[in-house]
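Peer 1: just need the structure, nothing else, for what follows:
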Amino acid sequence: MFYDFILTKFEIIIFICLALIVLFSCLIFYIQNKFIDETSQKLDNLANTLSKNNREFAEYLKTLSDVIESNRDNTEKLSFKISTLEKEISRMINIKGNDDMLSYAIELTRSGETKDSIKEKTGLNEDEIETIYAYHRNLKD
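Peer 2: Below is the predicted model:
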């Protein structure tokens, strides 16, 4: 009986099965298409975000590069100024040292030391000692 029913309604059952297959296939295509669209939108949003972040990062790197370049220039200027100050301090030390030696030579001359003794103790040259001797030898403390 069941077989008879299936055989008598075979065309209808096949038609319904084919209709269901077509319907489910369309439903699967619709769901797949919707999923692809959503994924595409998410990927577009992600690409836009990455592009924006890359632009911001590039601007940050450019700004950082400018700051580093400025600091390098300032460092070079400071290095030059320090070098100039070192030279000036060295020159001032030499002058101060010479002034001290001249004062010491004057004191030695006033105390009656000989020219050779003054030259040995101060390291001044003979012309400087002669000049000091000429002006200060007769003065005694």
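
Peer 1: leaving out the residues flanking it, which one is nearest to residue 121?
Peer 2: residue 108 (6.5 Å; C-beta to C-beta, 6 or more residues apart in numbering). For the C-beta atoms, the positions are set from N, CA and C on the backbone; glycine is no exception.

Peer 1: check which helix or strand covers that neighbour.
Peer 2: Assessed by DSSP states H and E, residue 108 sits inside helix 10-110.

Peer 1: what are the contacting residues of the following helix or strand past that helix?
Peer 2: As assigned by DSSP H and E, the chain's next helix or strand after helix 10-110 is helix 115-122. Residues outside helix 115-122 that contact it (C-beta atoms under 8 Å, 6 or more residues apart in numbering) are 101, 104-105, 108-109, 113, 124-126, 129-130, 132-133.

Peer 1: could you check how far the helix or strand just after helix 115-122 is from the centre of its chain?
Peer 2: Next in sequence after helix 115-122, counting helices and strands by DSSP H and E, comes helix 126-136. Centre-to-centre, helix 126-136 and its host chain are 59 Å apart (C-alpha atoms, centre = their mean, to the nearest Å).

Peer 1: could I get helix 126-136 in CSV with only the CA atoms?
Peer 2: What follows is helix 126-136, C-alpha atoms only, in CSV (Å, rounded to 0.1, in the frame of the first residue of the first chain):
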residue,chain,number,x,y,z
GLU,A,126,114.8,86.9,28.3
ASP,A,127,113.1,89.9,26.8
GLU,A,128,110.3,89.8,29.3
ILE,A,129,112.8,89.4,32.2
GLU,A,130,114.8,92.4,30.8
THR,A,131,111.8,94.6,30.7
ILE,A,132,110.8,93.6,34.2
TYR,A,133,114.3,94.1,35.4
ALA,A,134,114.5,97.5,33.8
TYR,A,135,111.3,98.8,35.5
HIS,A,136,111.3,97.0,38.9
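
Peer 1: quick one: list the elements packing against the helix holding residue 108.
Peer 2: helix 115-122, helix 126-136 (3 or more C-beta pairs under 8 Å, 6 or more residues apart in numbering; DSSP states H and E).

Peer 1: so can I have CSV of those showing distance to residue 35, mean pLDDT and mean neighbour count?
Peer 2: As requested, the helices and strands packed on helix 10-110 are exported to CSV (distance: least, C-beta to C-beta, whole Å; pLDDT from 0 to 100; neighbours: other C-beta atoms under 10 Å):
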stretch, distance to residue 35, mean pLDDT, mean neighbour count
helix 115-122, 99, 84, 15
helix 126-136, 100, 83, 14
